[in-house]
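**Q** have a look; sequence and predicted model below, questions after that.
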Amino acid sequence: MGCAVLPVAAADLNDVLTEFDRVQDGMLTISAEFTETNTSALLNEPIVATGRFFMTKPDAICWEYTTPEVMRFVISADQYTGYFPVRKKAEKRNIQRWRDQLFRFFGVGQGSAELGKFYNIRLREADEDSYLLSLSPKRRRVKKRVDEVLFWLDAKTYLPRRVEYRAVDGSGRTIDFKEIRLNPDLAVGLYHVELPDDVTITDGFSGLSGISAEN
């Protein structure tokens, strides 16, 4: 998109957010491969998952997990659908009241003004490859759960290369993105989940566990 890379020594928060907002404003769709790492004091080893991520603004997201278990989580038109084909289980729920919080969690498609309503944003570090933004919750109920959210923005594209969520209890979730494509053509049916007849459907959104921490 021809974004100017700011000299590292001269970079400040306002300059970085201006470029970040310009990219977000021009974003219609995005796709990427991801690696998700979950850590917790209850886990002997981190849980690592891989897959692909898709988003169409303003309100459609799809996470397709390929390892360690095939899963698919879709949000479209305020409806969440989670599908676990190996378990022959699925879950559905209207998430209208949580939609904005869920999209803030992903940090993609949200401008700095929207993020700034709920987080204090500061520039922690800058180098030739990325800018590291630290987001700390403003709301008291969120502070009880979330300690900090970190965004590593690519210094050339101003898209998130890594997002890390640090919980107050010491657990964490890190999502590393690669092969990011801005404004690709995405199929209309991408956000439709076809469920076989033998699938048990429940009401809930356990597949988004942790993402709804603001609620």
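**A** Arrived safely.

**Q** give the next helix or strand downstream of the strand or helix carrying residue 53.
**A** Counting by DSSP states H and E, the element that carries residue 53 is strand 47-56. Next in sequence after strand 47-56, counting helices and strands by DSSP H and E, comes strand 60-67.

**Q** which elements pack onto the next helix or strand after that following strand?
**A** On the C-terminal side of strand 60-67, the closest following helix or strand by DSSP H and E is strand 71-76. Here strand 71-76 touches strand 60-67, strand 79-84, going by 3 or more Cβ pairs under 8 Å, 6 or more residues apart in numbering; DSSP states H and E. C-betas here are computed from N, CA, C, even on glycine.

**Q** skipping adjacent residues, who's closest to residue 170 in space?
**A** The shortest distance from residue 170 to any non-neighbouring residue, by Cβ to Cβ, 6 or more residues apart in numbering, is to residue 41 (5.6 Å).

**Q** so which bits of the strand or helix carrying residue 24 are buried?
**A** For residue 24, the host element (DSSP H and E) is helix 13-25. Using 16 or more other Cβ atoms under 10 Å as the test for burial, helix 13-25 gives 15-17, 19-24.

**Q** which neighbouring elements make contact with it?
**A** Packing partners of helix 13-25 (3+ Cβ pairs under 8 Å, 6+ apart): helix 112-116, strand 119-126, strand 130-137.

**Q** helix or strand with the lowest mean pLDDT in this structure?
**A** Least confident helix or strand of the chain, by mean pLDDT, DSSP states H and E, is helix 99-106 with a mean of 58.

**Q** the residue nearest to residue 170 contacts residue 172, doesn't it?
**A** No. The pair residue 41 and residue 172 fails to qualify as a contact (Cβ atoms under 8 Å) at a distance of 10.5 Å.

**Q** who has more neighbours, those two?
**A** Shown here are residue 41 and residue 172; by other Cβ atoms under 10 Å, residue 172 has more neighbours (18 against 7).

**Q** just list the residues touching the more buried one, thanks.
**A** 38-40, 164-166 (Cβ atoms under 8 Å, 6 or more residues apart in numbering).
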